[in-house]
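In: I need the structure of the sequence given here:
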Amino acid sequence: MPKVVIIGGGWSGCAAAIAARNAGAEVVLLERTDLLLGCGLAGGIMRNNGRFTAAEELKCLGAPELVDLTDALSRHVNIDFPGHRHANLYDTALVEPAVRQLLYDKGVDIRFVARAVGVSMDEPDSIRSVSLADGTTIHGDAFIETTGSAGSMGNCARYGNGCTMCVLRCPSFGPRVSLSRMAGCEESVGLRDGETYGSFSGSCELNKATLSPEIRQCLAEKGVAILPLQRHLVDEGILKLKACKQYAIPEFKQNLILLDTGARAKMMMPFFPLEKLRKIKGLERAMYEFSGGISNSVRFMARTHRDNALKAQGLTNLFCAGEKAGLFVGHTEAMATGSLAGWNGVQQAKGLPLLSLPDGLAIGDLIRHENLASTTLEGLNDRYTFSGGNYFKRLKRLGLYTTDPKAVESRVRAHGLHHVFLTAHEKKERPLQTMQA
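Out: Below you'll find the model as predicted:
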């Protein structure tokens, strides 16, 4: 049985672990902190806009587990908010234990507080093992890096406003280390405004108990609260800082938009000074959880150069997913790239052909389009997500966006990829469930 080592336990790492297990590998998942999901702990949004299409593609391709799990944990289903339709909001307080149990049930060997800090090579183009901060060495046949692209604290200070102890918790567990770079792979850095490196994470969390009863009731009933901002509270430049270009529309500048993601309310701003925040009606007692009022994590600092099978260029057995694989934004994007990288890691270890998803699928087109676009200065200034911005416009223009699960299934079958990520046994046992927008 081949052994696949996954570095990073965010959404993409968890998806890669599941796909690799389903493909018949022994899987070790190394997570730097004591929790899975990384930025997903402050996430909560699924199925908005083109992410619905991609979620259904994942299920038809044979990677339904994480989509089904977030569907089951959604507090609000099929809601609209500015610029976004038919979104699900999963409960961020419940999702990590559920994903952790799912991976244990799959037989994934999860090792927490296991920060990878180095690699050893068999040949100049082949990794033999990774070393951890505690001196442990982990050998494998294939390696998948899903460490994200935020951190260290120095990057947040140099290209942002400093470390605010976000969900990544670098001061407690140590900074992210790029194993791709250590193994000799080239990397790119995302830009903003054509010159500054990185982008701020696009949202932060408010303690829901500190909001007014009226706002809490609105969130409970509708899933979203839209609070108009007085002119003197509007920050004209803040949307340019966000990683999430899909939210760079006037409604997100002129209003403070809150989403109900459980015990916390997701505030769709990278940061907002507390003194100004408490001048908004209903937020007079507001308190932040994670990040804060003056900063957020700076992301897109380490995109690995890779092919469309998500194999790192110049290396035979290293794959990447999530933000390591591109200037991607979102959990669905992480799940999609993670699933492909996990499956291809096992294929590589078995000496079998790798899969590049066709551009006739939304997931395949996203991976190919970002890979080409990121070779240009303009492309490095963009971000790529199924849910908005320039890429969602492209998705609609190509006719790939649909909320009809049957149309998605027909498309996947037409490419001969139905349940491609499942073993023969699982293909017989696993029923396909779909969700109607």
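In: wait, is residue 167 part of a strand?
Out: No - looking at residue 167 with DSSP: H, G, I helix; E, B strand; the rest coil, it is coil, so not inside a strand.
In: which non-adjacent residue is nearest it?
Out: Distances taken as Cβ to Cβ, 6 or more residues apart in numbering put residue 41 closest to residue 167, at 4.6 Å, once the chain neighbours are dropped. Heads up, the C-betas are built off the backbone N, CA and C, glycines and all.
In: separation between the one you found and residue 76?
Out: 18 Å (Cβ to Cβ, to the nearest Å).
In: for the nearest residue to residue 412 once chain neighbours are set aside, the count of nearby residues, please.
Out: The shortest distance from residue 412 to any non-neighbouring residue, by Cβ to Cβ, 6+ apart, is to residue 60 (4.0 Å). The burial count assigned to residue 60 is 24, neighbours taken as other Cβ atoms under 10 Å.
In: can you tell me the element residue 60 falls in?
Out: Under DSSP states H and E, the secondary-structure element containing residue 60 is helix 50-61.
In: now residue 365
Out: Counting by DSSP H and E, residue 365 is found in helix 362-373.
In: may I have that helix as PDB, with CA atoms only?
Out: Taking Å, rounded to 0.1, in the frame of the first residue of the first chain, the C-alpha atoms of helix 362-373 are listed here in PDB:
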ATOM      1  CA  ALA A 362     -15.900  24.100 -13.800                       C
ATOM      2  CA  ILE A 363     -13.200  22.600 -11.500                       C
ATOM      3  CA  GLY A 364     -10.900  21.700 -14.500                       C
ATOM      4  CA  ASP A 365     -11.400  25.200 -16.100                       C
ATOM      5  CA  LEU A 366     -10.500  26.900 -12.800                       C
ATOM      6  CA  ILE A 367      -7.300  25.000 -12.400                       C
ATOM      7  CA  ARG A 368      -6.200  25.500 -16.000                       C
ATOM      8  CA  HIS A 369      -7.300  29.100 -16.200                       C
ATOM      9  CA  GLU A 370      -5.500  30.200 -13.000                       C
ATOM     10  CA  ASN A 371      -2.300  28.300 -14.100                       C
ATOM     11  CA  LEU A 372      -2.200  30.300 -17.300                       C
ATOM     12  CA  ALA A 373      -3.300  33.600 -15.900                       C
END
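In: that helix - what's its average pLDDT?
Out: Averaging pLDDT along helix 362-373 gives 98.
In: what ranges in the stretch 151-300 of the chain fall below the confidence cut-off?
Out: For the stretch 151-300 of the chain, residues meeting the criterion pLDDT under 70 lie at 236-248, 291.
In: please, where are all the strands along it?
Out: Per DSSP state E, counting those that start in this stretch, the stretch 151-300 of the chain carries strands over the ranges 187-188, 191-192, 196-197, 199-200, 204-207, 224-228, 255-260, 264-267, 288-289, 298-299.
In: name the helices or strands packed onto the last one?
Out: It stands for strand 298-299. In terms of contacts (3 or more Cβ pairs under 8 Å, 6 or more residues apart in numbering; DSSP states H and E), strand 298-299 is packed against helix 153-159, strand 199-200.
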